[in-house]
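Enquirer: Here's a sequence, model it:
(chains A, B and C)
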Amino acid sequence: MINKDLVIIGGGPAGMSAAIAAYESGISDILIIERDSHLGGILQQCIHNGFGLHKFKEELTGPEYAYKLECKVNELNIPHILDTMVLEVSPEKVVTATNEKDGIFKIQAKAVILAMGCRERSKGALNIAGERPAGIYSAGTAQKFVNMKGYLPGKKVVILGSGDIGLIMARRMTLEGAKVEAVCELMPYSGGLARNIEQCLNDFNIPLKLSHTVVEIEGKERVTGVKIAKVDENRCPIPETIEYIPCDTLLLSVGLIPENELSKDAGVALSRITSGAVVDQNRQTSVEGIFACGNVLHVHDLADFVSDEAEIAGIAAAEYIRGNISNETEINLKTDGKVRYTVPQKITAYTDTTVYFRVSDVFRNVKVVVKNGDKVLFEKKKQKVAPGEMETVKITKDMLENVNELKIGLEVL
Amino acid sequence: MIRNMTCIVCPMGCTLEVTLDENGKFVSVAGNTCKRGEVYANNECTNPVRTLTSSVRCDNGEMLSVKTSEAVPKEKLFECMEEINKIIAKTPVTAGDCILKNICNTNVDVIATRSI
Amino acid sequence: MYDVAVIGGGVTGGMIARKLSEYNLKTVILEKENDVVMGATKANSAIVHAGFDAKEGSLKAKLNVKGSEMMEQVASELGVKYKRNGSLVIGYNDEDVKTLNELFERGTKNGVRDLKLLTASEVKEIEPAISDTVVAALYAPTGAIICPYELAIAAIGNAMDNGVSLKRNFEVKSIEEKDFHYEIKSETETVEAEYVVNAAGLYADEIAKMAGKGDFKIHPRRGEYMLLDKECGSLVSHTVFVTPSKLGKGILVSPTVDGNLLLGPTAVEMTDKEDKQTHSEGFKSITEQAKNMVENIPFNKVITSFCGLRSVGDTGDFIIEEKNNFVNVAGIESPGLSASPAIAEYVFDLLKEAGLSCKKNENYNPYRKPAHAFREMSLEEKNEYIKKNPKYGRIICRCETVTEGEILEAIRSNPGATDVDGVKRRTRSGMGRCQGGFCSTYVVELLSEELGISYLDVTKSGGKSYLNVEKIK
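Expert: I've put the predicted structure just below:
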């Protein structure tokens, strides 16, 4: 068995950022394992711009963002293997992986960082009635066909789901010669960024149908059309509103799910809300020495935030390897429902911590409130919060004194 | 006259309220959180531009992601796409290399966004 | 000139063809689709029934019990996963208990071994997830699960390895009886055969009519299913049925042999033989029934839903008859899968009686390399294998851990996959929780390279089911 200080699973923005941070914290015996033939993960197929404004202070495309990190990884000579799939991570931090050259091999790591990213929710999860013809793709699969293979998977397109990938694909397909008939969104608001609705839909006069869903798919060999309908407040389709749209393609952009199969094997406790690991401020999971960051932990809006989080995990893993991490306390971060989840979910040291959170609905004129019991420790006003946009609140060291639990919530003004 | 728009400069996506004079000329903007929002609003009312990203095939068959080095006029997007889809890029390519100069007479180049 | 033409590449046709390949015969399978197993074989309950359901003395009863007894051996020869997990028919009230007793009696008369009536607490003991409302159950330890298309593909593959030919996209348009043979025509091709086996599933009535060998009717009965993630496959260990009643046969909740949980089927009489649409009412009905049967089914873990069409005959029994060297094998609805190995023997006997000359094929090999051979190897064996065949080191489908080597094997070995769904059925690539989101672009590429066809010509499932419509760069 090979021994390594730190094994990082996934060479996307999270994995590379974590590796760089760990290296810069003094750990050089690192191995990044990437399943694709190049570093960058899913960023390689996200050829649109809008990346890096926070981190690099310039607007980059996905591949450029990846390239910047890759250059750094190469400059620091951080070891990485490509075309290699991790099959298993054990609670003892033995990582089993496979590739064509080495076959199946095992590595004993002192610390592991999970950075596997996420996958798209599939059609099956939606139970859309009808046939199962060709022409139904997740937005990411279509993105891969168009951007990485140079083929157009369809000419007349309906998109279900207005998350950012769906919006981006509406524009990509349009620019590449397809006609996007409509983007349907089950919720009364879009899950995507406002700028993407503007530049991906409005620029091309693509209608965004809020509170709409696809109720039936038609076509035997290839999709020939879909039936869409408006939904009521319980998200149930209203039969009288059914409308038929002829099309040859249905793209699904109905959510991302952290890819945590390996984490489960490792015995990592997962949150039912994020589908990612439960972590502390170091992004350490319930299994000591196993850290998680990026979209495998919770789905982020921006690669920049992924990198920030990965740096925290990278530095913490380095400290862990040196034996410098100990739990001084355990303060659970609770939410009030309006705040749907926080990351981290707990704080284990008396230190300043930026807590990321997502809300459950669109709220206007609210206060973000941090409470210890009934005592308000911190509050800040926000004009608008929405599920599609991650928010932050800073928990300072002084708020943690003599506290077992903090509650983070919203108060509508 | 008032025109509402969403700023696309950064992920914040500020809602802008732009005041135009009777000739449709930009007067002022409200709702922006930074200076770039004002520049965007002004541009959007006079000469809207967009950065175009796409991919081109390389001589080795692989696909190369590309973008315009600067934003191009919005109404030229499809014209630019036609040009981009004709390109066969020579390998090796390094991110940042110019793949096509002055696309559709916009004085903007098409550049590679990754290395192959 | 062929000795025998088998019309239909489902589990029935496949098993018959394999049986014929034991002899020195020139046999051809004629399949109208781009792949075999595209009819009822592709979408059914994946159950090897013990045999207590069919009426005593019927062909169904006789062939079910015999087929069920043969299945384990057949599956092992063909390298197909088979698990004798036992089945439970659960009852909620006195009426049901009465029916369970009748089923017990009938099963025993049919020759089903080891049937047992269980009390509520006995049921709970062997199947804790069963609903508390259950009062009794019939337990059939010989009930089993198997993947029907894996079985049929393996049977056809084995038949082909033993010399049988397969013609795909051969939709029979006419059958003419000549003096000593039959002339079977598709739009583009003619096949001559001395004997014909009509195993055309839903279309068996039309084929029989075409040849002037029967005027029975087959109609489709829709069955919708929901398939849950592998996380849920151990919720129950037995196949759980409800007691059939005036309201219908009800659904089953069962683990699949691949570790998923299967719910269904609905039963809706249909007329259109090509309408495989699923319906939201179907999902609703399945969900409601399943909830009553088994506690805590996580319905949010559904990864796909599908619809199969049963071939229902008008006699209530299988229709298997020989008329002048033409054998109808029709109305093979449930328990057709369970009966298939016995049907093959029965049909073979009919052919022999009709005069088919049968000399043993000295080279006949009943064994087929399991499609899942690689995944069952030990770590050391896998590494030896990867050293010789590096493609087995590269994972293409991460949800189901399918390697490139296994996909190439599925394309190259009999009957080779020629479309994306074909690869999926043979390897499970794309069958996991992401439903091909990640692997499908790779599979398209492999098919295009292996078959020497353009990327644009790769289909999901033959015909015009193209995955890409234009090369844009």
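Enquirer: Which residues are in contact with residue B:53?
Expert: Shown in contact with residue B:53 (CB atoms under 8 Å, 6 or more residues apart in numbering or on different chains): A:47, A:48, A:49, A:61, B:65, B:66, B:67, B:68, B:113. C-beta here means a position set from N, CA and C on the backbone, and glycine is covered the same way.
Enquirer: So among those residues, where is pLDDT lowest?
Expert: In terms of pLDDT, residue A:49 ranks lowest among the contacts of residue B:53, with 92.
Enquirer: now, among the contacts of residue B:53, which is nearest to residue B:21?
Expert: residue B:68 (31.2 Å; CB to CB).
Enquirer: From residue B:101, how far off is that closest one?
Expert: 11 Å (CB to CB, to the nearest Å).
Enquirer: any shared contact partners between the two?
Expert: residue B:109.
Enquirer: So for those two, which sits in the more crowded spot?
Expert: Set residue B:68 next to residue B:101 and count neighbours by other CB atoms under 10 Å in any protein chain shown: residue B:68 wins out with 25 against 10.
Enquirer: now the contacts of residue B:53 in JSON lines, with distance to residue C:6 and secondary structure?
Expert: Formatted as JSON lines, the contacts of residue B:53 follow (distance: CB to CB, whole Å; DSSP: H, G, I helix; E, B strand; the rest coil):
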{"residue": "A:47", "distance to residue C:6": "51", "secondary structure": "coil"}
{"residue": "A:48", "distance to residue C:6": "53", "secondary structure": "coil"}
{"residue": "A:49", "distance to residue C:6": "58", "secondary structure": "strand"}
{"residue": "A:61", "distance to residue C:6": "56", "secondary structure": "strand"}
{"residue": "B:65", "distance to residue C:6": "51", "secondary structure": "strand"}
{"residue": "B:66", "distance to residue C:6": "55", "secondary structure": "strand"}
{"residue": "B:67", "distance to residue C:6": "58", "secondary structure": "strand"}
{"residue": "B:68", "distance to residue C:6": "61", "secondary structure": "strand"}
{"residue": "B:113", "distance to residue C:6": "56", "secondary structure": "coil"}
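Enquirer: Going by distance to residue A:83, which of those residues wins?
Expert: Once CB to CB is applied, the member of the contacts of residue B:53 that ends up nearest residue A:83 is residue B:65, at 20.1 Å.
Enquirer: downstream neighbour of the helix or strand hosting residue C:409 in the secondary structure list?
Expert: Assigned by DSSP states H and E, residue C:409 belongs to helix C:404-412. Downstream of helix C:404-412, the next assigned helix or strand under DSSP H and E is helix C:420-427.
Enquirer: Leaving out sequence neighbours, find the closest residue to the residue in the stretch 251-400 of chain A positioned nearest to chain B.
Expert: Sorted by distance to chain B under CB to the nearest CB, the residues of the stretch 251-400 of chain A start with residue A:302, at 6.0 Å. Distances taken as CB to CB, 6 or more residues apart in numbering or on different chains place residue B:11 nearest to residue A:302, at 6.0 Å, with adjacent residues excluded.
Enquirer: Name the SS class of the one you found, please.
Expert: coil (DSSP: H, G, I helix; E, B strand; the rest coil).
Enquirer: Test my guess that it contacts residue A:300.
Expert: No - judged on CB atoms under 8 Å, residue B:11 makes no contact with residue A:300 at a distance of 11.2 Å.
Enquirer: what does the lengthiest helix in chain C contact?
Expert: As assigned by DSSP state H, the longest helix anywhere in chain C is helix C:59-78. If you take CB under 8 Å, 6+ apart as the criterion, helix C:59-78 is touched by C:15, C:48-51, C:53-55, C:80-82, C:84, C:110-112, C:142, C:144, C:146, C:151, C:154-155, C:158, C:317-318, C:320, C:335, C:338-343, C:345-346, C:366-368, C:370.
Enquirer: Repeat the analysis, applying 6 Å as the threshold.
Expert: With CB atoms under 6 Å, 6 or more residues apart in numbering or on different chains as the test, helix C:59-78 has contacts from C:48-49, C:51, C:54, C:82, C:110-111, C:154, C:158, C:317-318, C:335, C:338-343, C:366-368.
Enquirer: chain center to it: distance?
Expert: On the basis of CA atoms, centre = their mean, to the nearest Å, helix C:59-78 sits 13 Å off its chain's mean C-alpha point.
Enquirer: got a pLDDT number for residue A:120?
Expert: 90.
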